[in-house]
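Trainee: let's see this in three dimensions:
(2 chains)
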Amino acid sequence: MSATILIVDDEQPIRRLLRNTLERAGYRVAEAMNGAEAMTQLRAEAPSGVLLDLGLPDRDGLELVPLIRRQGETAILVISARDATDQKVAALDLGADDYVTKPFDTEELLARLRVALRHRSLSAATPKIVRKGDLEIDLDQRVVRRGAEEIHLTRKEHDVLAILARSVGRVVTHDRILAAAWSREEDPRIEYLRIVVRNLRQKLETPGPVGSVIANELGVGYRLLAEA
Amino acid sequence: MNQPARPSPEALLRQAAQEGRGTLKIFLGAAPGVGKTFEMLTDGASRRREGVDVVIGVVETHGRAETEALTRGHEIMPRRAIDYEGRTLHEMDLDAILARAPRLVLVDELAHTNAPGSRHPKRHQDVEELLAAGIDVYSTLNIQHIESLNDVVASFTRVRVRETVPDSILEMAEIEVVDLPPDELIERLKAGKVYLPQEATRALSHFFSKSNLSALRELALRRAAQAVDAQMLDHVRAIGVGGTWAGGERIVVAINELPGAETLVRAAKRIADALHGPWTAVFIETPRSQGFGDAEHRRLAAAINLATRLGGEIATVPAANVVDGLKTFIAEARATQLIVGKSQRSRWFELRHGSVVDQLVRETPDVAVHVLPLEAAPAEPESRRKPGGGQWGSPAGYLWTAAMVAGITLAGRALLHILDLGNVALLYLLPVMAAASLFGLRTGLFAGLTSSLAYNFVFLPPVGTLSINNPENVISVIVLLGTAVVTSQLTARVRAQADLAASSARANAALAGFLRKLTTLGTADDVARTIVEEVSRLFGCATILLTHTEGQGMTVQAASDSGYRMETMDLAAAQWAFDSRAAAGRGTETLAASDWRFQPLIVGERTLAVLAVANERGGDPVRPDQLPLLVNLVDQAALVLERFRFEAEMRDVDAIRTRDRLRGALLSSVSHDLRTPLTSVMAAADALEHGATPELIGTIKAEAARLNRFIANLLDMARVEAGALRLNIEPVDLGDAVTSAAHDVRSVLHGHELRLDVPPDLPFVRADPQLLHHCLLNLLDNAGRYGDPGTPIVIEGAHQFGVLRLAVLDQGPGLPPGREQEVFETFRRVEGSDRAAGGTGLGLAIVKAFADAMGVGIEAANRADGRGARFGLVFPSNLIVRADAPGDA
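Mentor: Numbering: from 1, shown residues only, chains lettered A, B, ... in the order given. Prediction:
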């Protein structure tokens, strides 16, 4: 049985485009054009995932995020405007799984949706091993290997990598990483995180262009590009 | 100067409009219950007795017997019944009165709102119509119903009335203030003689507090005075009196610490009004002023306050004596009229010192001197303060003097074999002069006396007794005493002058220091803060600068101490000071119950702010003799603030001009740049529909991506131009920044390979990640657009010589030599090079605007190898984060 995805957007062409794309990818699709309809559809269809546009005619899309979250393990993918980093962070903090930025690439949209759905369906169990090419991150053992060779990481690098790996494929906000990997006494600051990420990249990303393993989400956070 | 002045046309017009109209008389009261209706009826009755045709239009007696009684004998116009939502309301019958056409009609409660369905919503509009019909009207009004005072009253009574009348009504009306002291009104209220609507009783009982009533009463009296002033001015201008203004009469009144100085000030105000000239109250600070006690300071302060309140300038001039000081000031102020008080000094004093008045008349020939008698005030206890512990000097002084005399006596005894007696007497001059100059007259006399006694007893024959044989020696004693007197007088005067010079030097230094501080500041906020800090430091008081903000009333701009307290009453006083451009609060006669003194900052016609000062220990915030200094400081501060305001306005005008120019250029290029890709997309979609090859899909994608970039740039530029750039500076890893940018532009870089040559160990830079991202996007986009197809784009970073450079290099035609910098101007497109993809040239302007905002430099040049262009961002050393930042602890 294929998963149902609810599209919440007030623009009819966008809904049509998304319906086409999603149906081609094998999902069942439900549509809502405003917040009220979205809540009705949510109860009627119990979708596995929601594509939520934040600019709705009847209410702020951000308000819907916690309401949908309360309904259960529905994956929420927010569709937001380019520069609205505050909105993105707010949506993530309120419980959204990920976001795509308008105008979006359909392949990217589908990839994000797949990751979000997988995380929701497996949310109880976190992955034990994460792979990217010949790179292997063993979360249980706290070991990182490239092929047979073990890569030495400091404690902090392990902590940050583990946080990203647990949400592999999804964006994790700066604040969330800082709160999880640094104690309050350490006065968590974004530059510490930047330095750790840079070191991780130096150790993990050779060879290949910068950002091929840990992608930077401008103003929001980091994303580990790998397979669980 | 004697030419008849021409009547002012506006004033004549106003008078003409009055002709044929009825006149309006308003009985103005501070609060309900002062007896306005009673007064109006009484007045009406006396007019009727004179034979005037008087009717009552509407009068609310509220069942009061004495009021009721007064209505009898008058013809009362029946009221009109109006049905409104099932109730019957009785309103004044305007038409009936107009038909009856009496000479005078009494209309109570001018601020009344008529029942719906009446001709006019407000009773004052009915009154307007009666006046227009040539009928005189008597009416009553409470002060809080006057529109301009409504807010002020509400701010301290916390009772807001909705029924208001416009101020213009008062301007054409004759006003009679019905005044009742607050205590009596409260008595009447307690006795139930004041009618209050049942539902409003509780709110109004707060309203009737003594402080509220005092403030209301003051407002009423002041408002009435203002109306009279305005009417008087109109009258004067209409009949053409007052041409002397142009002749430039300037009046100076010399005030002093004596009782009656206030009389002089009032006289000066009257003379100034009559001559329509500006006037100044001047106090000549002589050495004598150093000896003033509290009573003198108080009287002087009262005179200065009165002068300020009556609209005079004030000045303090330090001088050796009154005549010199006045002469100097008169010359500086180019005064034409001088007002002085008639001396109350004794004939004896004048004989010795010469009459100040005579001297003034003789020595200021160009000035008319008015000599006014000072009113004989009740004798107050004089409390002259003499330096060095009062007239009698300090006990320590006497001890020292005794010791010196003893010492000289011993020295004289020791030197007696080489000195004759006369020279020993000379020795005694030393203690006498020392005592007189150090400890004042009495101690000096004491020294003279003890010296002569010691001299007599120890040295003069017969030695060991106090008798004198030789008359020469009598003279020695007299000389010793005389020396004491003269020396003490001289030194006292010198010291007083020195003190005076020192205190005026201190004041000047304070003023100069204050100005120096203010002029070096960069923003108006800094100025506001410095003003309060300096005033607080100089006067040792809590200081706040308030200004009027639209919709919020008086708001605090800066405060010397965050723990200040401002009650609603204080804010009302501040508002009053702001509106009426005069000092208010403590130490003045307006709303003096406040702990704060409010001094308005005025430049020309504008009031900029109000400076509030308060003594933290209670009492007057500023010593009366320091008041002129405060006023001076405030004046200077106002000038500096005005300058900042003016500069800000100029900047705004410049910014608007630039923005308009950009907007024009934008519109012309936007239509082109939006339509070109849209045309491609539409054409491609069309072709696809008719079975073209799917290659066109690539075209659609590329054109759509271009549109997207263009719209992003438009939004960015709009933000720059709206001045809405808010920086969010944080340490940024350039590796991060470059990767994100490369990811976002991949769709517009068709055919170009992107090579990153950014060393991983570059230090972090302080930048706004979003703005930096957009800079890089545009540089990459630009390289993609102008680089030859198929050539790689290189991003290189280097940390050298303290600066960090991040550059984007393309391979292509490069930039026209000598014109590299022009590419950063808005809408500049390098000529002939827009073949590839058009573009508004907005991109590089955005790079420049964003880089400027972050303090990052930009450079554009052709590549060193000559194969294309090179655009760089230059991070100066202050934006580079030191490499040893903690991270992996």
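
Trainee: for the helix or strand hosting B:D83, give the mean pLDDT please.
Mentor: Assigned by DSSP states H and E, B:D83 belongs to strand B:80-84. Taken as a whole, strand B:80-84 carries a mean pLDDT of 81.

Trainee: quick one, strands of chain A?
Mentor: Ranges of strands within chain A are A:4-8, A:28-32, A:49-53, A:75-80, A:98-101, A:129-132, A:135-138, A:143-146, A:149-151, A:171-173, A:214-217, A:221-224, based on DSSP state E.

Trainee: so the last one, near chain B or not?
Mentor: It stands for strand A:221-224. No: if you take CB under 8 Å from any CB of the partner chain as the test, strand A:221-224 misses chain B, and the best it gets is 9.0 Å. (Glycine included, C-beta is placed from N, CA and C.)

Trainee: can you list contacts of the strand holding B:D83?
Mentor: Strand B:80-84 has contacts (CB atoms under 8 Å, 6 or more residues apart in numbering or on different chains) with B:T88, B:L89, B:H90, B:E91, B:M92, B:D93, B:A96, B:A115, B:P116, B:G117, B:S118.

Trainee: what's the last one sitting at in phi/psi?
Mentor: When quoted as degrees, to the nearest 10, the phi and psi of B:S118 stand at phi -70, psi 170.

Trainee: just give the nearest non-adjacent residue to it, would you?
Mentor: B:E91 (5.5 Å; CB to CB, 6 or more residues apart in numbering or on different chains).

Trainee: relative to the whole chain's centre, how far out is the strand holding B:D83?
Mentor: Relative to its chain's centre, strand B:80-84 lies at 52 Å (CA atoms, centre = their mean, to the nearest Å).

Trainee: now B:T520: how far from B:L639?
Mentor: 15 Å (CB to CB, to the nearest Å).

Trainee: the more surrounded of those two?
Mentor: B:L639 (15 against 9; other CB atoms under 10 Å in any protein chain shown).

Trainee: which helix or strand contains that one?
Mentor: helix B:627-689.

Trainee: tell me the mean pLDDT over the helix or strand that comes right after the strand holding B:D83?
Mentor: Using DSSP H and E, the next helix or strand after strand B:80-84 towards the C-terminus is strand B:87-91. For strand B:87-91, the mean per-residue pLDDT is 81.

Trainee: what does the residue sitting nearest the centre point of chain A show for phi and psi?
Mentor: For chain A, the residue nearest the mean C-alpha position is A:R170 (2.8 Å; CA atoms, centre = their mean). Here is the backbone geometry of A:R170 (degrees, to the nearest 10): phi -110, psi 160.

Trainee: and B:G397, by the same measure?
Mentor: Reported as degrees, to the nearest 10, the phi and psi values for B:G397 are phi -60, psi -40.

Trainee: tell me which two of the contacts of strand B:80-84 sit farthest apart.
Mentor: The span of these, defined through CB to CB, is set by B:A96 and B:P116 at 19.7 Å.

Trainee: name the residue in these two with the higher neighbour count.
Mentor: Shown here are B:A96 and B:P116; by other CB under 10 Å, B:A96 has more neighbours (14 against 10).

Trainee: quickly find the element holding that one.
Mentor: Using DSSP H and E, B:A96 falls in helix B:94-100.

Trainee: so for that helix, what's the average pLDDT?
Mentor: 89.

Trainee: now do stretch B:103-112
Mentor: Averaging pLDDT along stretch B:103-112 yields 90.

Trainee: touching it from outside, list them.
Mentor: Residues outside stretch B:103-112 that contact it (CB under 8 Å, 6+ apart) are B:26, B:37, B:40-41, B:44, B:47, B:52-60, B:74, B:77, B:92, B:97, B:122-124, B:126-127, B:130, B:135-142, B:145, B:161, B:163-165, B:169.
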